[in-house]
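Asks: From the sequence below, what's the structure:
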Amino acid sequence: MSKLTHICTSIFTVMSQMATEHNAINLSQGFPNFPVDKRLSDIFARLASENVHQYSPMSGYPPLLEKIAGLTQQSYRRIVNHKSEILITAGATEGIFATIQALVNTNDEVIILDPSYDCYEAPILLSNAKPIRVALNDDFTPNWENINSATNENTKLIMINNPHNPTGKTWTSADFDQLEKLVDSFPNLFIFSDEVYEYITFEQTHISIHNRQKLWNRSITVSSFGKSFHITGWKIGYVIAPEHLMKEIKKVHQFLVFSVNSISQVAISEYLDIVDVYSLGNFYQEKRDFFRNLLKETKLQLLPCEGTYFQVASYANISSEDDMTFTKRLVTEFGVAAIPISPFYAGGKDTKCIRFCFAKDDATLTQAAERLIKL
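Replies: Predicted coordinates for the structure are as follows:
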C-alpha cells in the first residue's frame, strides 16, 4: 500500500518529458542551458586527477564549511559555527527532507504557503504529520491573517520560500516583523526558510532569516550551490541551523546519504575564493529584462518578478482553458514548454497563470518568444 497515495509524477518531469517528445523549447524545468563558469569546470577537471574521491566527513568538507560560514557573515553579518551549525546536503531537497524527518513528529502540523514547491509535502506525510496548506494573497504576498489563524499549539514548522518559486516574489521587512510576532506567540514553532535563490534578486536586496537575529535560534535555512552557480546537476546544497537543531538533522542525514559528493565539495570550496556571488543578481536581471522585453509582443500578461529565474505570466485574455490543458497545448501546438501554477496549490487552484524559466541563453529565449507571439 502506498504511503503517498495522492502524490504522482512531478509536474516538472511531466513537462520536460513532453518538451522532449515534441521537440519543444523547454522553459519549464528550472535549469540553465548555458555553460558553467570555465573557472569552475577547470578546477573540477584538475581535481579529477587528485586524491579527492573518497568519503568526505559526514557534515561536509571542512574548508567548504569554513567558506560557507565566511560567506554567511559577509552576506548577512551572521556568525555561524562551521563545525556545529552547517551541513552540506545532496541538494536543497535532501536538506528539506532531512530537516522535516528530524524535527516533525506524528500528528504535528506544518504550515505550507501555497503556491508551494512540491517537495515540501511528502516528507511531512512520511513523518505521519499533517501539512496545513495556507494560500498566499492573489499578489502572492503572505496573508498573515490566514497564517495566524492556521497556527496553533500543534504547529511544529512553518515553511517559507524567499525568493519564491514559482512566483518570483520576495518578502519585505514587514513580513518578517509579522513572522517574529508569530514565533513569539507559539514557543514550540520553528521556521524552515527555503532560500535557494537568495543571490538572485533584482531591484530589492534579499532579506534573509539570517538578517533577523531574533529568529536564529528557531530557524533552519537551506541554500543551493546548484542554483547559485548554474550547476543544478551537482546537487549540492547546505543547511544552517542552531546546534541543538542541527544535531537532530545530522542524525537523519547520516543514514539518508551519509556524505555528499566529495570532488564537488572541494571544487566549490576553491571556486568560492574567486567567484563574486553578488554579481548573480545583475546577471539574471539582464536575462529577466531581455525576456520580458521579448514577451511585450505577445498577448501574455507578465506578473512582477522580484527574484529567482522564473517569470509568471497570465494567459487569461488568450484562453479560458485550465492551466494544465493550456500548457500541454502550448507544447504540442506552439513548441514551448512552461509550468502550470495549479500543481503548486493543494486544491489545484487555477489562476490562469504559467511559469517560464528564463535561465537560458539569449538565442533560446528569442526563439521561444517568436513562438509565443503566435498565441
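
Asks: what helix or strand is residue 366 on?
Replies: Secondary structure assignment for residue 366, by DSSP states H and E: helix 362-372.

Asks: buried residues in that helix?
Replies: Judged by neighbour count using 16 or more other C-beta atoms under 10 Å, the buried positions of helix 362-372 are 364-365, 367-369, 371-372. To be clear about C-beta, it is placed using only N, CA and C from the backbone, and glycine gets the same treatment.

Asks: which secondary structure elements does it contact?
Replies: In terms of contacts (3 or more C-beta pairs under 8 Å, 6 or more residues apart in numbering; DSSP states H and E), helix 362-372 is packed against strand 25-26, helix 280-295, strand 336-337.

Asks: same for the least confident helix or strand in the chain by mean pLDDT, what does it pack against?
Replies: Among the secondary structure pieces of the chain, namely its helices and strands, helix 11-21 has the lowest mean (mean pLDDT, DSSP states H and E), a mean of 88. The elements that helix 11-21 packs onto, with contact taken as 3+ C-beta pairs under 8 Å, 6+ apart, are strand 25-26, helix 323-334, strand 336-337, strand 339-340.

Asks: what distance separates the start and the end of stretch 141-152?
Replies: 21 Å (C-alpha to C-alpha, to the nearest Å).

Asks: typo on my end, stretch 191-201
Replies: From its first residue to its last, stretch 191-201 covers 22 Å (C-alpha to C-alpha).

Asks: List the buried residues for that stretch?
Replies: By neighbour count, and taking 16+ other C-beta under 10 Å as the criterion, the buried residues in stretch 191-201 are 191-201.

Asks: Now find how far off-centre it is within its chain.
Replies: Its chain's C-alpha centre lies 7 Å from the corresponding centre of stretch 191-201 when counted by C-alpha atoms, centre = their mean, to the nearest Å.

Asks: what number of residues lie near residue 41?
Replies: Under the neighbour criterion other C-beta atoms under 10 Å, residue 41 is assigned a count of 14.

Asks: and it, that one's in a strand?
Replies: No. Counting by DSSP: H, G, I helix; E, B strand; the rest coil, one finds residue 41 to be helix, located in no strand.

Asks: Tell me who's in contact with it.
Replies: Each residue near residue 41 by C-beta atoms under 8 Å, 6 or more residues apart in numbering is listed here: residue 35.

Asks: in the chain, which spans are helices?
Replies: Ranges of helices within the chain are 11-21, 38-47, 62-76, 91-103, 121-126, 144-150, 173-185, 225-228, 243-256, 262-271, 280-295, 323-334, 362-372, based on DSSP state H.

Asks: So which residue is smack in the middle of the chain?
Replies: Most central in the chain under C-alpha atoms, centre = their mean is residue 196, positioned 4.6 Å from the mean C-alpha point.

Asks: So for that one, what pLDDT did the model give?
Replies: The predicted local confidence for residue 196 comes out at a pLDDT of 98.

Asks: Generate JSON lines for the buried residues of stretch 191-201, with distance to residue 340 as supplementary columns.
Replies: Compiled in JSON lines, the buried residues of stretch 191-201 are given as follows (distance: C-beta to C-beta, whole Å):
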{"residue": "191", "distance to residue 340": "29"}
{"residue": "192", "distance to residue 340": "25"}
{"residue": "193", "distance to residue 340": "26"}
{"residue": "194", "distance to residue 340": "21"}
{"residue": "195", "distance to residue 340": "25"}
{"residue": "196", "distance to residue 340": "21"}
{"residue": "197", "distance to residue 340": "20"}
{"residue": "198", "distance to residue 340": "26"}
{"residue": "199", "distance to residue 340": "27"}
{"residue": "200", "distance to residue 340": "22"}
{"residue": "201", "distance to residue 340": "25"}
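
Asks: Please name whichever of the helices and strands packed on helix 11-21 is nearest to residue 82.
Replies: Of all the helices and strands packed on helix 11-21, it is strand 339-340 that lies closest to residue 82, at 36.3 Å by C-beta to C-beta.

Asks: got a list of contacts for that closest one?
Replies: The contact list for strand 339-340 (C-beta under 8 Å, 6+ apart) reads 11-12, 15, 28-29, 166, 322-324, 326-327, 353-357.

Asks: any idea which of the residues you listed is closest to residue 98?
Replies: When the contacts of strand 339-340 are compared for distance to residue 98, the smallest value, 21.1 Å, is given by residue 12; criterion: C-beta to C-beta.
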